[in-house]
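In: Got a sequence here, can you build the structure:
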Amino acid sequence: MPNPNRNQRTPVGISKTKFVVYIREDFMSEVREEDERSDVYVETIQHRAGSGLIEAVLISDIAKQNRRLENLSLSENASRKVEVWTLHADNGERENCLFWGEIVAQQIAIRNGSEAQLLIARVLPYHFGEPLKGIPTWGSFSTEPEVVDHDLEFNPVINQKLLFNKLEVDPEGFQTPGQYADISLPMDPEVFNDADANLVKDALGGTLEEWSLVDIVETLIWWNNENETNIKNLPRDGLESRISDPPRVTDLILPRENYLPSTLDLVLQPYGFNWYVEIFVDEAGNNSQRTIEIYKRGDGTKKTIDLQNVGEDYNRILSNLEETILDIDISTLANRVTGQSALIQNEVTAELWRAWDQNDDGNQDHNDANNPIGRKLAASEGADYFRLRDEIVTAELGSNYLLKRRPMEDCLTLRDGERIPPLLQYSDDDGGTWNDAPQNWAFRPLKNEIGVYFTDFNEDGNAIPDEVLDADIRFRITCTITSDKRHTYTKQADDSPNSNDLELVMDLSNRFQIRKRMDSGEFASVLTGDVDEQDDEAALEEFVDSVGLNEQSAQVTAELPLHGILTDYRIGDLITEIRGRNISLNRNSRSSSQKRYLQIVGIKYANLQKQNTILTVAPYDM
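Out: Okay, the predicted model is just below:
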């Protein structure tokens, strides 16, 4: 039976919470009754959201141990398991576990005739398993996934193209180790989509799918923390219930070498979620358990704190708030929020012109590859060829395009699931019919402009096809080009507390792309069929709208010291008001229909001259 008289460090007159501290040499086993340390007192316990984790500061009573600070080494009390429990006020039995961790530091003090030893214990990153050294992936003929030495990529954007790389396979003949059994693995999208990798693709089967935020978190926690030695993972259904309505994940790159806590910060926080370690007691009430807990920023259980109104007689039941300072800042709030996508891309078809001086017609040299006569065809989108020939017309591509040269990219049109290279065609009936360039024509795309250059000898022994030298033959090419404009959307924050005119501009190139076939006008693409288009206009506008809501909210931070040790507040809870004083903690102006409250991001239990629970509250968009 625990001693109910221990750790009474709170002044008489205020209901005290009693603590019991356990320190065990064997970190991997559960604490036992004999591990109780009546000579060690709790000073503070602090829980933080994210990778800030949990820390306890303990004081070892040297006098109570009937010893002096001598013959000590730095290993004293190091790497030991610590648990701190509260005791039930009525029966003295253990009730709540407020801390679990490992002693990692100490401070020894000898002064004014007294001696003390300060012990610092923490939940540490390596309590979550191994660091990320790479990522397990399918992509070779190995019979099991291999860990490759790359940073982790999820739904990467390569050449402004969003690629999905989630692979769920368990092909016959391939071994699936335990840690991979129920999770998806990332596949290098370039390997999977490369024509040379068809054998790997056929061997594995399946298709690449889009990663959701739930998929990514599930893979990371089970890949890093498979054995759940110290801290439990959330199962799939638990992740789905907590990570509700997440935004789309694009081009997420996670560095190697991090332990799981830092990785979870990088995955969850930018997408509107956060996490912490929840400590609870098992069903039998005997042992502590720890789990990764996830919450949505801005969405939590609404709670209040209490402070009696001015002039009322003090009643601790009606006032749990001791004191506070609220820091309110509206100086950085924007009234207008503008978001811009990546540069818009279009698949276009443009006529090509003979790009040499018309006075040089007939002076071609099949043996001189550096002589452009008869070799170079260009669209003149930069308005820099029209003086060479009477027939050349500058390719004015539209309002999104300045008159300048533009490199070509593969068409958006797909063949067998892959984007086809720029397509060169010719017409011998003034555009009535068009034929694809024969395979024996040897040419290369121009490097920084729309067009081609003939480079090598064909089957007729000529480097330059006869058609190029025939003035009656027309040429055109279909390709993808990048414009000079982005999709731009502005949200006006009419209810902002800041009346100054301030605009926030966000470059969202990595998140939102727009690429389409040009379907009308002189340069409309002539291709049809499957196409790799992407239109994130609506998604960008929805994102900017959400940021605009944040910009209507004042930045308010505070620490709220409450009387006593209160265990009914949780990280992620929303604090809506200070009751009694009618002080709203809604960060929006009164005219706004949206309510945005402060969220608990840290809880500190102080057991000094008096006991306090100190809530750290902050805007969840910080």
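
In: what sits against the residue nearest to Leu307 when sequence neighbours are not counted?
Out: Leaving out its chain neighbours, the residue that sits closest to Leu307 by CB to CB, 6 or more residues apart in numbering is Leu321, at 4.3 Å. Every C-beta, even on glycine, is put in place using the N, C-alpha and C of the backbone. Counting by CB atoms under 8 Å, 6 or more residues apart in numbering, Leu321 makes contact with 305-307, 560-563, 578.

In: how about the strands of the stretch 101-250 of the chain, start to end?
Out: 114-122, 135-137, 146-148, 152-154, 157-158, 161-162, 166-167, 185-186 (DSSP state E, counting those that start in this stretch).

In: Same list (these) but as CSV, adding distance to Ile514 and mean pLDDT.
Out: Shown next, in CSV, are the strands of the stretch 101-250 of the chain (distance: least, CB to CB, whole Å; pLDDT from 0 to 100):
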stretch, distance to Ile514, mean pLDDT
strand 114-122, 47, 83
strand 135-137, 30, 68
strand 146-148, 32, 74
strand 152-154, 21, 88
strand 157-158, 13, 80
strand 161-162, 11, 78
strand 166-167, 24, 80
strand 185-186, 26, 77
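
In: Residues touching the longest helix that the chain contains, excluding its own?
Out: Assignment by DSSP state H gives helix 537-550 as the longest helix of the chain. Outside helix 537-550, the residues within contact range by CB under 8 Å, 6+ apart are 247-248, 337-339, 341, 487, 489-493, 504, 506, 508, 511-512, 514, 594, 596, 621.

In: Recalculate using a threshold of 7 Å.
Out: Residues from elsewhere that reach helix 537-550, judged by CB atoms under 7 Å, 6 or more residues apart in numbering: 248, 337, 339, 341, 487, 489, 491, 493, 508, 512, 514, 594, 621.

In: For Glu409, state which of these is nearest.
Out: Within the contacts of helix 537-550, the smallest distance to Glu409 is 14.5 Å, found for Ile514 (CB to CB).

In: okay but that closest one is in contact with Tyr489, surely?
Out: No. With contact defined as CB atoms under 7 Å, Ile514 does not count as touching Tyr489 (11.6 Å).

In: any idea which of the contacts of helix 537-550 is closest to Asn607?
Out: Nearest to Asn607 among the contacts of helix 537-550, with distances taken as CB to CB, is Asp621, at 33.0 Å.

In: related to what we said a few turns ago, which one of the strands of the stretch 101-250 of the chain lies closest to Gln358?
Out: Using CB to CB, those put strand 161-162 closest to Gln358, at 39.8 Å.

In: that older thread, show me the one in the contacts of Leu321 that has more neighbours than the rest.
Out: Leu560 (25 neighbours; other CB atoms under 10 Å).

In: What ranges in the stretch 1-150 of the chain fall below the confidence cut-off?
Out: 1-15, 62-79, 110-114, 135-145 (pLDDT under 70).

In: on that earlier part again, now, which of the contacts of helix 537-550 lie within strands?
Out: 337, 339, 341, 487, 489, 491, 514 (DSSP state E).

In: just how off-centre is the longest helix of the chain within its chain?
Out: Centre-to-centre, helix 537-550 and its host chain are 17 Å apart (CA atoms, centre = their mean, to the nearest Å).

In: Report the next helix or strand after that helix in sequence order.
Out: strand 555-563 (DSSP states H and E).

In: separation between Asp361 and Asp428?
Out: Distance of Asp361 to Asp428, computed by CB to CB, to the nearest Å: 18 Å.

In: same deal with Ala369?
Out: 26 Å.

In: what residue of the chain is the furthest out?
Out: Distance from the C-alpha centroid of the chain peaks at Gly362, with 60.4 Å (CA atoms, centre = their mean).

In: quick one: pLDDT of it?
Out: pLDDT, Gly362: 88.

In: how would you label it: helix, strand or coil?
Out: Using DSSP: H, G, I helix; E, B strand; the rest coil, the structure places Gly362 in coil.

In: What values do phi and psi take at it?
Out: phi 90, psi -10 (degrees, to the nearest 10).

In: just use 40 as the starting number from now, easier for me
Out: Got it, the first residue is 40 from now on, which makes the last one we talked about Gly401.

In: how about the helices of the stretch 190-339 of the chain, start to end?
Out: 228-232, 237-243, 252-263, 275-281, 299-307 (DSSP state H, counting those that start in this stretch).
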